[in-house]
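1. Model the following, please.
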Amino acid sequence: MGTTTGHLIESVDGVSLAEVGASTEGADVKSMPVSQNGLSSELLEELAALAAEKVRDGEGLRLMGEGGLLPELAQHLMQAALEAEMDEHLAAEAGRAGGRGSRSGGNTRNGYRSKKVMTEVGTVMVQVPRDRLGTFQPRMLPKYARRTGALDDLVISLTAKGLTSGEIVSHLAQTYGMTTTKETISTITDKALESMAEWRTRPLDAVYPVVFIDAVHVKVRVLSTIL
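-> The predicted model follows:
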């Protein structure tokens with residue numbers, strides 16, 4: 001049986017959240033083959049069946065943007081990662097405090113705060129867990145971050161291809177259902193420019209090895225054939 005200790009799992013707005021104060025046993029966890037990304041074959045088959053059902057029902061299959069399958073998956077995966085980070089954080093603090101609980105000054109969960117995040121598959125809403133002492137700093141989604149790094153890479157790639165800020169805003173809205181502004185796009189590209197400026201002004205090494213390779217290519221006719 002799969003067991004989750006330290007908190008119950010409840011669903012709020014379609015997202016699985018943790019609740020302090022108890023342990024619960026989940027459904028049987030089977031040993032299944034997984035893909036290169038760690039996805040079980042059973043999960044992949046369920047997703048394929050869901051896609052086929054939507055197509056048969058005439059709903060169509062939307063992958064990205066509002067109502068898409070990928071943003072929903074991203075939401076649940078990001079939520080699970082945040083919950084795991086909080087569990088790891090509390091376990092580490094409990095170890096440093098000698099296993100003390102909240103009554104003796106230790107740290108515990110303290111609810112959630114909603115956060116809208118722009119990702120490369122669309123905008124998702126996650127519930128970021130909070131701790132009583134306010135020391136939790138999630139690595140996957142830093143405190144003031146409103147975008148994922150992959151989205152920044154996408155914007156920089158589109159900029160490098162010659163799209164203007166307005167065209168990128170329109171592209172993100174049409175393809176990913178994302179509402180953003182030209183100012184946000186400029187902020188992302190400005191970060192890239194700052195990195196380029198740092199690279200250009202970096203201190204140079206004392207010696208740079210250089211190898212010159214020179215060759216002469218001569219065409220030779222042999223029995224009416226040019227080699």
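2. Give me the phi and psi angles of the most centrally placed residue in the chain.
-> Centrality entry for the chain: nearest residue to the mean C-alpha point is residue 148, 5.8 Å, by Cα atoms, centre = their mean. Backbone torsions for residue 148, taken as degrees, to the nearest 10, come to phi -90, psi 160.
3. tell me the phi and psi of residue 178?
-> Residue torsions, per degrees, to the nearest 10, at residue 178 are phi -100, psi 130.
4. Not including adjacent chain positions, what is the nearest residue to it?
-> In space, not counting the residues next to it along the chain, residue 178 is nearest to residue 172; the distance is 4.2 Å by Cβ to Cβ, 6 or more residues apart in numbering. All C-beta spots, glycine's among them, are computed from the backbone N, C-alpha and C.
5. buried stuff in the strand or helix carrying that neighbour?
-> Element membership of residue 172 [criterion: DSSP states H and E] is helix 165-176. Along helix 165-176, these residues count as buried under the neighbour rule (16 or more other Cβ atoms under 10 Å): 165, 168-169, 172, 176.
6. Could you do stretch 144-160 as well?
-> 147-148, 151-152, 154-156, 158-159.
7. Which two among these are spaced furthest apart?
-> 148 and 159 (17.1 Å; Cβ to Cβ).
8. quick revisit: any idea how far the residue nearest to the centre of the chain is from residue 46?
-> 25 Å (Cβ to Cβ, to the nearest Å).
9. now swap in residue 66 and tell me
-> 23 Å.
10. where does residue 132 fall, phi/psi-wise?
-> phi -70, psi -30.
11. Against residue 115, how distant is it?
-> In terms of Cβ to Cβ, residue 132 sits 19 Å off from residue 115.
12. where's residue 77, which helix or strand?
-> helix 69-96.
13. What are the buried residues along that helix?
-> 69-71, 74-75, 78-79, 82-83, 85-87, 89-90, 93.
14. nearest to residue 218, of the residues you listed?
-> For the buried residues of helix 69-96, the nearest to residue 218 is residue 70 (57.1 Å; Cβ to Cβ).
15. from what I can see that closest one touches residue 63, true?
-> Yes. Using Cβ atoms under 8 Å, residue 70 is in contact with residue 63, at 5.1 Å.
16. got any residues that touch both of the two?
-> Jointly contacting residue 70 and residue 63 under the rule Cβ atoms under 8 Å, 6 or more residues apart in numbering are residue 121.
17. And the pLDDT for the residue nearest to residue 178?
-> On pLDDT, residue 172 comes in at 84.
18. what's the answer for residue 121, then?
-> So, for residue 121, pLDDT stands at 82.
19. Next, it: phi, psi?
-> The phi/psi pair for residue 121 (degrees, to the nearest 10) is phi -110, psi 0.
20. show me what contacts it?
-> Counted by Cβ under 8 Å, 6+ apart, residue 121 has contacts 63-64, 68, 70-71, 74, 176.
21. now it, nearest residue through space, not along the chain?
-> residue 70 (4.1 Å).
22. what does residue 129 give?
-> Nearest non-adjacent residue to residue 129 (Cβ to Cβ, 6+ apart): residue 86, at 4.2 Å.
23. can you check residue 89 too?
-> Per Cβ to Cβ, 6+ apart, closest to residue 89 is residue 136, 5.2 Å.
24. from what I can see that neighbour touches residue 113, true?
-> No. Assessed by Cβ under 8 Å, residue 136 is found out of contact with residue 113, at 11.0 Å.
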